[in-house]
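Visitor: Would you be able to build a 3D model of this:
(chains A, B and C)
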Amino acid sequence: MTKRDAPETILKPSRRQLLAGAAALGATALTPAFSRRAFADDRKVLKVMSWEQFQPGEKDGWNALFDKFNQSQDKYKVEWTGWPAGQYISNVVIQAKAGGIDADVLMAMPDLAAQVIRKFKLAEPLDAIVSELGITPSGGHEFLKQDGKLYGLSAIDVNFALVYNKALFEKAGVSPATSQDEWIETTKKLTHRPDQFGIALTNNISDGGEWWFQLQNFCLPYDGKWAEGKTPLANSPETVKGLELWKSLYEVGTPQGTAQSAIMKLAADGRVAQAWGVNPTVVVLRATNPDIYPELRSAAPPWPSKRSLDRIHPLIALKSSKNVDGALAFIKFAMAPDNMAALMEQNLYVIPPYDLAAKSEKFKSFLADKPWVTGYQEAKQVSPIDVMGDFAYVDDQFGRIVMQNLQSALKPGGSVKAAMDAAQKQLEALAKKV
Amino acid sequence: MSSIGLAHPASRTDRTAAVAAILRAALILVVCFVLLFPVYWMVLNAIQPSEYSLSWPPSLLPRGFEWSNFRHLFEDKPIVDWLLKSTFVAAIVVAATLIVVVPAAYALSRLRWRGQNLLGLFLLFTQIMPGAMIVAPELTLFRTFGWTDNLTALAFLHAAFVVPLCTWILKSSFDAVPRELVEAALVDGCSHTAALWRIMLPLTRPGLVAVSVVAFFSSWNEYLFSSALITQSDLYTGSLGLATLITQLDTPLFVLMAAGVMFSVLPVAFYLAIQRHILRGLTAGAVKG
Amino acid sequence: MSAVAATPRSRHRLGDGVAYWLILPLLALEGLFLAYPILSGIASSFVNPDSGGYDFSNFSTMLADPDFWAIMIRTLVFVLLVDVAVLLTGLGVALLMNRQFRGRGVVRGLLTIPWAVPEVPVAITFIFMIDPTFGVFNLLARMLPGVTENPQWTLDPTLAMAIVVTVTVWKGFPFYSLVLLAALQAVPEELYEAARLDGASAWRQFRHVTLPGIRPSIALLAVLAFIYSMQQFTLIWLITGGGPVDATLTLAPAIYMQAFRFYNFEYAAAMAVVGLLFSVLATLAFISVQRRLALDER
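Guide: Numbers count the residues shown, from 1 in each chain, chains lettered A, B, ... in the order given. Next up is the predicted model:
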């Protein structure tokens, strides 16, 4: 990364001084230049494959973690490899098909993680790290388990809640909804097309992945599921009702047919009152428009159960690595409470991979200090595996079928039920292939 | 665009010619307007503040100027470095393509030999397989030879992709040169090399321009193979760098439009330079057979 | 195309040996970089994803899948529309640019911009232009009688197809006009002079001088447009994602989706091989048409 060519204004300190200094300052950009000099290059290089080095709001936190690891080690040093998020999965698959993933540690989106563990069978168990650190991974880790072993530990855990712009809410004199009907009402009050939109919902199929992540939550408002085991439930009354709620919001307050890119720009310009989104939405908005960050707040999902999905992006140690020990050492280092707490603070991650608040006072006070995290904390986490059944491992394919069919319900007079009946048929066909 | 005037009516000064010229100028203006409107829209939205772009009804003229999208591109990203890398790769592609294509097109157009038809089919075949299907084995190949993260090797791959197409284009250019010209030269004792060099190439400059431009452009924006074969960020070409602008949850659309403008400047400049250079020779009377 | 072998050539002084030396660099380059990947890509279509052995299971699954046939029909529609539209646009621009007028060099340069802009900004710009809330295309649509509201461009199957065809043609036409322009310039000026002396109208000049002169190029470009639009992936994927309700899901995005989204790599390879056969058939048809035309001329 270009950040590595940071200015070097301090004289070369000893390694110990440096460690102390880095820890104290939490310095990010200054350290790599030193660490490179402090050690001869006889250390083995560990490649961490990820998309995080490209994320404007998050790369600094990760670079700091890398530097800390490099300074703590005389055997290994970590380096980035990978692609931006949009190109990530296809390139990892290309590598896997070309004879192997050229990395030691892999960061993966949930769907890819499931494939790497189950289909490519490339993951190394991480149970030893869990027991050595004495941590209890969060419930969402279930889909990373196979035959009783755990194959991934959450690097980034995101969940859904209602993000809102406090200033716009105050101007309209409304407070965040707590029930489904109220949600539609407040959204209506907050919408003044085309200057201001009550809610940002991704609704364009060219934003396929991101639309599905949001939409996937809408089986939850009325306690439905997308599937149970091998049986799809796309046209079950609960799920259809949930999607009808989505459609009402779409009709009442969303920039219809507008791409995610323009929606995010509208949000950054302060023209979107609320969004159904993951906590990194806040991180991105902080990076794209720092002025709006102080106005952002979150509220729990506006339905009685307050349940919403959380998506775990785990670190995986690759079995194919020549330095499996090193890969495990890095993951263990990243998971250590102090390091994880520092990463989460800097990157505004608020859902810890394990009971971190119990282990780190610093993290506890960090959360207490952030006014926008309450909604995310109140949301009750649901793992995709809980609502997707066996389809959790073909999540993208399932999502595409739902979205494609839902499009026919978005036209005037379109029926959600009819669309989901059609989807159900296709999903039943998919079930046979799974 | 206002520079489009009428052609000199030359010797024909009568009315109908003038009317025809005016009509033609109007036609050219209309065609340019329609075909270049998306480019205009890209530029417009890249240079005006986003609140004007995100408004209804859209204004056809800029309502303000703001350079933040371009500033983002030049200050936060090493765009100059990316474009230099792309230029380096594209230059190799053009050179390699010309070296390979000229003799092959000559052989296909002017010589008769066994396997000629087969080669034509073979060339087509290379174009038909979708990139998505060959990118993984290509990576295997590059790994075997140790060519990953090597821009020169990438350039040769780009050349391999575009050479079949360029061979056809140049071959059809060669076909148009009157047969008698070359044969007369050969009868006079000219070697094939000399016939190619002194007769074919000067007469087929538009074809050579076309081939160079096609080679340059095909490499310039290639993404799929570049992203699989180049993973070091200090080797990023333009297309790889461009992809880093799009991150999870954020696609900065107006910055991307600014990038679209910036990324098209060099290829168009290349086209203008090469067409002026070579076509001028052409109009100077080289095609008088 | 060599197979087109339009004119009988004399065997005078033409040895096989020279030809082989001349094509050697080409064969070396293609053989080194493309032979293995293409063969390996084809081979993977025969791999049974469950057993890992070689059989025809991917093909039998595919041919029995109605979705696959729907994709093929859609692909054919898309390809034919693009093929015709891009050739007409390319030819029109080439004819215009072949005229003498002041500023011609600059205009030619400007008209190559669509080709030079990377696909991602092109897609982003067009998505923005058809945005139902802010897009400038809505102004255009509202000029039509009976249209009072901004259309939902990507929710209407016909509009969505029209959009992806338009963008593909827009992005592609400069290439076609460049090649056609080169062909137009190779038509000997003497032929036009002779036609003018005969008092031929502009249309007759076009019909009897221009068109025969550039026909080989048009035929070649028709095949290329076929092959390349078969492979159009990025623009479709970014603009409509294959929607609405799969209305713009052609073969290339379907292959990509199967391989890189659904992890069905072998199945995707089988789809690619069928697409390949399709293109080969089109090419053979092109060659035979070319041959017949060449014979007619003789």
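Visitor: tell me the domain ranges of chain B?
Guide: For chain B, the domain assignment from automatic domain parsing gives the residue ranges B:15-66, B:77-286.
Visitor: And the first one, how far out from the chain middle?
Guide: Its chain's C-alpha centre lies 24 Å from the corresponding centre of domain B:15-66 when counted by CA atoms, centre = their mean, to the nearest Å.
Visitor: That domain and chain C, are they touching?
Guide: Yes: counting by CB under 8 Å from any CB of the partner chain, chain C has neighbours in domain B:15-66: B:24-25, B:27-28, B:31-32, B:35-36, B:38-39, B:41-42, B:45, B:53-58, B:60. All C-beta atoms are positioned from the backbone trio N, CA, C, and that covers glycine.
Visitor: Just the buried residues from the residues you listed, in ChimeraX please.
Guide: In ChimeraX, selecting the buried portion of these, with burial taken from 16 or more other CB atoms under 10 Å in any protein chain shown, looks like this:
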select /B:24,25,28,31,32,35,36,38,39,41,42,45,53,54,56,58
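Visitor: Among the residues of domain B:15-66 next to chain C, which ones are in strands?
Guide: By the criterion of DSSP state E, membership of the residues of domain B:15-66 next to chain C in strands covers no residue at all.
Visitor: show me which of the residues of domain B:15-66 next to chain C neighbour chain A.
Guide: B:54-56.
Visitor: How far off centre is stretch A:253-262?
Guide: In this view, stretch A:253-262 has its centroid 21 Å away from the chain centroid, taken as CA atoms, centre = their mean.
Visitor: Check stretch A:120-133 too.
Guide: Relative to the mean C-alpha coordinate of its chain, stretch A:120-133 is positioned 21 Å out (CA atoms, centre = their mean).
Visitor: List of residues touching it?
Guide: Applying CB atoms under 8 Å, 6 or more residues apart in numbering or on different chains, the set of residues contacting stretch A:120-133 from outside is A:96, A:101, A:106, A:116-117, A:136-137, A:149-153, A:316-321, A:324, A:327-328, A:331-332, A:335-337.
Visitor: Output that stretch as CSV, restricted to C-alpha atoms.
Guide: Below are the C-alpha coordinates for stretch A:120-133, written out as CSV (Å, rounded to 0.1, in the frame of the first residue of the first chain):
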residue,chain,number,x,y,z
PHE,A,120,-12.3,-26.4,-1.4
LYS,A,121,-11.5,-27.9,2.0
LEU,A,122,-8.6,-25.5,2.4
ALA,A,123,-9.0,-24.4,6.0
GLU,A,124,-6.9,-25.3,9.0
PRO,A,125,-8.8,-25.8,12.4
LEU,A,126,-8.4,-22.9,14.8
ASP,A,127,-9.6,-24.6,18.0
ALA,A,128,-6.1,-24.4,19.6
ILE,A,129,-6.2,-20.6,19.3
VAL,A,130,-9.6,-20.5,21.0
SER,A,131,-8.5,-22.6,23.9
GLU,A,132,-5.1,-20.9,24.3
LEU,A,133,-6.7,-17.4,24.4
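Visitor: pLDDT of it, averaged?
Guide: Model confidence over stretch A:120-133, given as mean pLDDT, is 95.
Visitor: Same check on stretch B:132-148?
Guide: In this model, stretch B:132-148 has an average pLDDT of 95.
Visitor: Buried residues in that stretch, which are they?
Guide: Under the neighbour-count rule (16+ other CB under 10 Å), stretch B:132-148 has B:132-143, B:147-148 buried.
Visitor: Mark which of the residues you listed are part of helices, please.
Guide: Counting by DSSP state H, these place B:132-143 in helices.
Visitor: if we can go back for a sec, between the buried residues of stretch B:132-148, which is nearest residue C:153?
Guide: The shortest approach to residue C:153 among the buried residues of stretch B:132-148 belongs to residue B:132, at 26.7 Å (CB to CB).
Visitor: do you know how far the closest one is from residue C:256?
Guide: From residue B:132 across to residue C:256, the span is 5 Å (CB to CB, to the nearest Å).
Visitor: winner for burial among the domains of chain B?
Guide: The highest mean neighbour count among those belongs to domain B:77-286 (a mean of 21), with neighbours defined as mean count of other CB atoms under 10 Å in any protein chain shown.
Visitor: thought residue A:75 was touching residue A:69?
Guide: No: taking contact to mean CB atoms under 8 Å, the distance of 11.1 Å between residue A:75 and residue A:69 leaves them out of contact.
Visitor: For stretch C:50-61, measure first residue to last.
Guide: Looking at stretch C:50-61, the gap from its leading to its trailing residue is 13 Å under the measure CA to CA, to the nearest Å.
Visitor: Please, which helix or strand holds the closest residue to chain B within chain C?
Guide: Nearest residue of chain C to chain B, counting by CB to the nearest CB: residue C:121, 2.7 Å away. When secondary structure is defined using DSSP states H and E, the element that contains residue C:121 is helix C:119-129.
Visitor: residue ranges for the strands of chain A, please.
Guide: Listed in chain order, the strands found in chain A under DSSP E are A:44-49, A:76-81, A:105-107, A:145-146, A:149-150, A:153-165, A:197-200, A:227-228, A:231-232, A:272-278, A:296-299, A:307-317, A:380-382.
Visitor: shared neighbours of residue A:75 and residue A:69, anything?
Guide: Both residue A:75 and residue A:69 lack any common contacting residue under the criterion CB under 8 Å, 6+ apart.
Visitor: remind me which residues of chain C are low pLDDT?
Guide: Within chain C, the stretches falling below the threshold (pLDDT under 70) are C:1-16, C:294-298.
Visitor: Flag every residue of it that's near chain A.
Guide: Taking CB under 8 Å from any CB as the criterion, the neighbours of chain A within chain C are C:124, C:127-128, C:131-134, C:152-156, C:237-246, C:256-257, C:259-263, C:265.
Visitor: Narrow these to just the buried residues.
Guide: Buried residues within these, counting neighbours by 16+ other CB under 10 Å: C:124, C:127-128, C:131-134, C:152-155, C:237-246, C:256-257, C:259-263, C:265.
Visitor: still on that earlier bit, list the contacts for the nearest residue in space to the residue of chain C closest to chain B that is not next to it in sequence?
Guide: On the basis of CB to CB, 6 or more residues apart in numbering or on different chains, the spatially nearest residue to residue C:121 that is not a chain neighbour turns out to be residue B:260, at 2.7 Å. The neighbourhood of residue B:260, defined by CB under 8 Å, 6+ apart, consists of B:42, B:46, C:117-118, C:120-122, C:124-125.
Visitor: Could you rerun that using 7 Å?
Guide: Residues counted as contacts of residue B:260 (CB atoms under 7 Å, 6 or more residues apart in numbering or on different chains) are B:42, C:117-118, C:121-122, C:125.
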